[in-house]
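S.K.: one predicted model, sequence on top.
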Amino acid sequence: MHVIDIDGRGAVEGLKGIRVLDFTWAGAGPLAMALIRMMGAEVVKVESATRPDMARAMARLYGWSTENSLDRSPSFNDLGAEKLSVTLDLRQPKAREIAQRLAARADVICDNMRPGKMETLGLGYEQVSKVNPRVVCCSISATGRLDPGNDLDIPGYAPVFWAEGGGGSVTGWPEGGPSYLRSPVDLNAGTMACVGILAALHARLTTGRGAFIDCSAIETVVAAVGDELMAASLGLPAGGVRGNERLPYAPNDAFPCKGKDQWVAISIHDNTQWRSMCEVLGATELAADMALLSREGRWKRRNELYAPIAALTATWDALTLEEALQARGVPAAQSKSLRTLFGDEALNARGFWKLLKHPLMEDQKVGALAWNLMPPMPEPDRGGALLGEHNAQVLEEWLGIGHAEFEQLKAQNLFV
């Protein structure tokens with residue numbers, strides 16, 4: 001998506017001036033807050049070393065580092081880029097009071113705790129909106145808010161959301177069980193939460209009041225299932241798990257190329273593309289088969305197509321084959337490794353990758369917004385904050401707490 005600058009003005013300020021209090025952790029919530037931060041908001045992450053964000057511990061869990069440091073995680077450095085960090089021990093009444101005072105001055109508050117947890121901390125929407133009627137609160141949970149007394153709410157992470165939302169019923173290989181899509185599940189929930197926050201902030205310009213966004217991670221999966229869900233709603237047979245098949249396109253699959261774990265994805269939509277693919281690959285027998293000269297004919301015999309096409313693609317370098325097929329108008333692309341993406345010409349030309357600096361780690365490349373804004377937003381250059389790095393700064397700027405008072409609060413062990 002490009003927003004064209006017709007006035008020739010400087011950098012867009014976006015959400016500059018919007019203050020966000022971030023009580024999220026793990027994946028979906030921090031991603032929503034990362035998007036809001038990328039659009040210019042000031043995001044203050046409220047956290048604690050006694051119960052750290054999962055992303056802070058990932059470096060050691062994934063074997064990226066042997067150091068047991070919550071300040072050296074590449075994952076947190078990415079999702080936490082340019083956020084401010086305040087550590088509060090919310091088990092203590094005085095710390096909860098400080099969090100409530102911060103909430104009274106926030107434009108946005110976001111959490112992804114179990115429903116009801118923010119209320120026990122005095123930070124629920126109904127509580128905060130009494131003193132801050134312009135506040136926008138967003139809560140991300142597995143099922144979303146249910147009626148009082150309803151015990152259907154479940155704890156869980158992305159694999160649970162994916163299964164509960166029906167995603168597993170349409171993802172996987174026919175001979176195997178359901179497959180989990182990993183990161184996109186959390187990222188989809190975080191993106192939907194971000195959209196809700198933006199909508200509420202926009203409405204606030206007219207109404208002067210905030211709003212509560214109740215985001216169900218499971219429902220974001222249900223909404224993304226697509227035409228399989230539509231078929232089921234009409235009583236039609238759903239396709240279930242069927243690998244890379246995509247009605248009515250055939251072939252529609254990833255085919256092996258020269259070298260270890262090298263693949264090219266090919267998706268044939270029409271007869272012209274079919275003939276062009278056969279010519280590039282030298283698939284003379286397939287090209288001569290009159291029954292394959294229609295989309296319906298290829299779909300009916302889709303299971304017969306993979307082996308002869310794979311035998312031909314296996315003689316090609318993946319990138320060379322991608323270029324040859326694309327030159328003939330055939331939808332095809334090399335299946336790139338994650339490392340390859342950092343050198344991708346298009347991604348670099350569009351400025352997708354940004355280099356973040358961190359006081360304890362090497363410079364790190366991370367992805368930016370997936371759309372370009374003209375004129376551009378100010379680019380991030382600082383990675384994730386050290387734990388509690390901005391305690392004094394935030395309390396002074398948001399609450400007017402000076403050095404002496406801060407030291408008194410610090411002596412009470414509130415910032416841990």
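M.R.: Here it is on my side, so go on.

S.K.: ignoring the adjacent residues along the chain, who's closest to Pro308?
M.R.: In this structure, Pro308 finds its nearest non-sequential neighbour in Leu286, 6.2 Å apart by Cβ to Cβ, 6 or more residues apart in numbering. Yep, even glycine has a C-beta here, placed from its N, CA and C like the rest.

S.K.: and the pLDDT at the one you found?
M.R.: On pLDDT, Leu286 comes in at 97.

S.K.: flag every buried residue along the helix or strand hosting it.
M.R.: In this structure, Leu286 is located in helix 284-288 according to DSSP states H and E. Counting neighbours by 16 or more other Cβ atoms under 10 Å, one finds that the buried residues in helix 284-288 are Leu286, Ala287.

S.K.: now it: how far from the chain's centre is it?
M.R.: Offset of helix 284-288 from its chain centre (Cα atoms, centre = their mean, to the nearest Å): 43 Å.

S.K.: packing partners for the following helix or strand past it?
M.R.: Tracing the chain C-terminally past helix 284-288 and defining elements by DSSP H and E, one meets helix 295-300 next. In terms of contacts (3 or more Cβ pairs under 8 Å, 6 or more residues apart in numbering; DSSP states H and E), helix 295-300 is packed against no helix or strand at all.

S.K.: and the contacts of the next helix or strand after helix 295-300?
M.R.: Helices and strands here follow DSSP H and E; after helix 295-300, the next one along the chain is helix 302-313. Contacts of helix 302-313 with the rest of the structure, by Cβ atoms under 8 Å, 6 or more residues apart in numbering, involve 245, 250-253, 255-257, 264, 266, 281-283, 285-286, 292, 298, 321.

S.K.: quick one: name whatever helix or strand follows helix 302-313.
M.R.: The first helix or strand that comes after helix 302-313 along the chain, using DSSP H and E, is helix 318-327.

S.K.: now do that following helix: everything it contacts.
M.R.: For helix 318-327, the surrounding residues in contact (Cβ under 8 Å, 6+ apart) are 257-259, 262-264, 266, 276-277, 280, 313, 316, 332-335.

S.K.: hmm, back to that, separation between the residue nearest to Pro308 and Leu292?
M.R.: When distance is defined by Cβ to Cβ, to the nearest Å, Leu286 is 6 Å away from Leu292.

S.K.: same deal with Arg339?
M.R.: Per Cβ to Cβ, Arg339 is found 37 Å from Leu292.

S.K.: who has more neighbours, those two?
M.R.: Set Arg339 next to Leu292 and count neighbours by other Cβ atoms under 10 Å: Leu292 wins out with 22 against 7.

S.K.: hang on, Thr171 packs against Val241?
M.R.: Yes: the criterion here is Cβ atoms under 8 Å, and Thr171 meets it with Val241 at 6.5 Å.

S.K.: list the residues that contact both of these two?
M.R.: Shared contacts of Thr171 and Val241, defined by Cβ under 8 Å, 6+ apart, comprise Pro178, Ser179.

S.K.: give me the element Ala199 is part of.
M.R.: helix 183-207.

S.K.: what helices or strands is that helix leaning on?
M.R.: Helix 183-207 makes packing contacts with helix 28-38, strand 108-111, strand 136-141, helix 158-164, strand 211-216, helix 217-224 when contacts are defined by 3+ Cβ pairs under 8 Å, 6+ apart.

S.K.: how about 6 Å then?
M.R.: Using 3 or more Cβ pairs under 6 Å, 6 or more residues apart in numbering; DSSP states H and E as the contact test, the elements touching helix 183-207 are helix 28-38, strand 136-141, helix 158-164, strand 211-216, helix 217-224.

S.K.: looking at those, which one has the lowest mean pLDDT?
M.R.: Note on the helices and strands packed on helix 183-207: helix 158-164 shows the lowest mean pLDDT, a mean of 86.

S.K.: what helices and strands are in contact with that helix?
M.R.: helix 183-207, helix 217-224.

S.K.: list the contacts of that helix.
M.R.: By Cβ atoms under 6 Å, 6 or more residues apart in numbering, the residues outside helix 158-164 that reach it are Gly168, Tyr180, Val185, Asp186, Ala217, Ile218, Val221.

S.K.: that one: which residues count as buried?
M.R.: Residues of helix 158-164 classed as buried by neighbour count (16+ other Cβ under 10 Å): Ala158, Val160, Phe161, Trp162, Ala163, Glu164.

S.K.: which residues does the most centrally placed residue in the chain contact?
M.R.: When the chain is reduced to its mean C-alpha position, the nearest residue by Cα atoms, centre = their mean turns out to be Leu187, at 2.3 Å. Contacts of Leu187 were listed using Cβ under 6 Å, 6+ apart, and they are Leu31.

S.K.: what about it, distance to Glu322?
M.R.: Here the criterion is Cβ to Cβ. By it, Leu187 lies 26 Å from Glu322.

S.K.: which residues of the stretch 251-400 of the chain score low on pLDDT?
M.R.: Residues of the stretch 251-400 of the chain meeting the criterion pLDDT under 70: none.

S.K.: what does stretch 71-80 rub up against?
M.R.: Where contact means Cβ under 6 Å, 6+ apart, the residues beyond stretch 71-80 that reach it are 30, 34, 55-56, 58-59, 65, 358, 360-361, 364, 366, 383-384, 386-387.

S.K.: can we see that at 8 Å?
M.R.: Counting by Cβ under 8 Å, 6+ apart, residues outside stretch 71-80 touching it are 30-31, 34, 45, 53, 55-59, 62, 64-65, 70, 356, 358, 360-361, 364, 366-367, 383-387.
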